[in-house]
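Q: sequence plus the predicted model coming up.
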Amino acid sequence: MTQGNRSLAVLIGLLALLVCAPTVHAQQNVRVPVEQDGRTVQLAAQIFRPAGGGAAAAVAIFHGCGGPGQNTARMAGILRDWGYVALVVDSFSARGLMDVCGRNWPSQADAEKRARDIDAALQWLAGRDFVDPKRLAFMGYSYGGGVAMLRALSPQATDAAPIARAAILVYPDCALADALGPRLVVRQPTLFAMGALDDWTPVSQCQAVIGRVVQARDLVETRIYEGAHHSFDALGLPVRYLPAVGNRSKSGGCCGAHYGANEAAWKAFVADVKAFLTRVLAP
């Protein structure tokens, strides 16, 4: 190899390091342990870290009935670009699940078990030296939003300070709150983000849940996006009807719902999330 070729090879190698190193640092596969039925389940997860040093605020993200997807990864990347640590938790693969959107719709008991994943993820984040443990939030989508709601709300007041400072419930399955009873308490600032035309997790169900809040109701914020169906953030996917999906809002929990993107709703949602987190996770 000539001197010129050797210099070129070294330069290419250095450029490759410069391109790849930040990516490796910014996004990594990790495992989050959670106790279940007397054993430890290692949940797969991806951590997205912002550039720069110091301990940052962090958001744990929980997927819907179809498992982690482009929407959760996209949101994690946006959060990272805003300066937050984002942890996308896969509640399914370690349990041998892929998609539970069909007629085997998750039960109330399934949701209550999965709520422990939120506790485990927040504890895991709190133990990282690059995370500020006093500035944590969690965010759930659809079925995952309903599970997150079980942690955001409580049937009674508690003196224990919640580990999370904020919750974001994205078109959440609000029917899961029925088991919490008629009188609810909000545990932290909580944002409900919903599509006005959603017939899978309808706005009316969530409004009924909010109406049962008897303490700290001022901590609840709602954003309803006109013209938007369920999964308005599924960019590039036209709205369509899914006849076979489980639907807790229908009699017997079955079946059918509309699903698809609304770019205007997505853009408004991103702006609303940014404003909410800026306010509630301020140092």
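A: In hand now; what should we look at?
Q: and the strands in the chain?
A: With DSSP state E, the ranges of strands along the chain come out as 27-36, 39-48, 56-62, 85-90, 131-141, 153-154, 166-170, 184-186, 190-195, 213-215, 220-225, 240-242, 257-259.
Q: any idea of the mean pLDDT for the fifth one?
A: Strand 131-141 shows a mean pLDDT of 98 in the predicted model.
Q: thinking again about what came up before, out of the strands of the chain, which gets the lowest mean score?
A: Across these, strand 153-154 gives the lowest mean pLDDT, at a mean of 91.
Q: partners of that one, with directions?
A: Paired strands of strand 153-154, with direction, are strand 184-186 (antiparallel) (DSSP bridges).
Q: what residue ranges in the stretch 151-283 of the chain score low on pLDDT?
A: Scanning the stretch 151-283 of the chain for pLDDT under 70 picks out 158-161.
Q: now do 90
A: 154-163, 178-179, 250-254 (pLDDT under 90).
Q: what's the closest of the strands of the chain to residue 248?
A: Comparing these against residue 248 with Cβ to Cβ, the closest turns out to be strand 257-259 (10.1 Å). All C-beta spots, glycine's among them, are computed from the backbone N, C-alpha and C.
Q: mind listing the helices for this structure?
A: 3-26, 70-81, 108-126, 143-152, 203-211, 263-280 (DSSP state H).
Q: just put the ones you listed in TSV and tack on mean neighbour count.
A: Below are those laid out as TSV (neighbours: other Cβ atoms under 10 Å):
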stretch	mean neighbour count
helix 3-26	10
helix 70-81	19
helix 108-126	19
helix 143-152	28
helix 203-211	18
helix 263-280	16
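Q: got CSV for the ones you listed, with distance to residue 39 too?
A: Putting these into CSV (distance: least, Cβ to Cβ, whole Å) gives the following:
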stretch, distance to residue 39
helix 3-26, 31
helix 70-81, 26
helix 108-126, 13
helix 143-152, 20
helix 203-211, 33
helix 263-280, 35
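Q: got a list of what residue 126 touches?
A: 133, 136, 163 (Cβ atoms under 8 Å, 6 or more residues apart in numbering).
Q: so can I have a markdown table of the strands of the chain showing distance to residue 177 and mean neighbour count?
A: Converted to a markdown table, the strands of the chain look like this (distance: least, Cβ to Cβ, whole Å; neighbours: other Cβ atoms under 10 Å):
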| stretch | distance to residue 177 | mean neighbour count |
| --- | --- | --- |
| strand 27-36 | 22 | 15 |
| strand 39-48 | 24 | 17 |
| strand 56-62 | 16 | 27 |
| strand 85-90 | 21 | 26 |
| strand 131-141 | 13 | 24 |
| strand 153-154 | 6 | 20 |
| strand 166-170 | 10 | 28 |
| strand 184-186 | 7 | 21 |
| strand 190-195 | 11 | 26 |
| strand 213-215 | 10 | 14 |
| strand 220-225 | 12 | 18 |
| strand 240-242 | 23 | 13 |
| strand 257-259 | 19 | 20 |
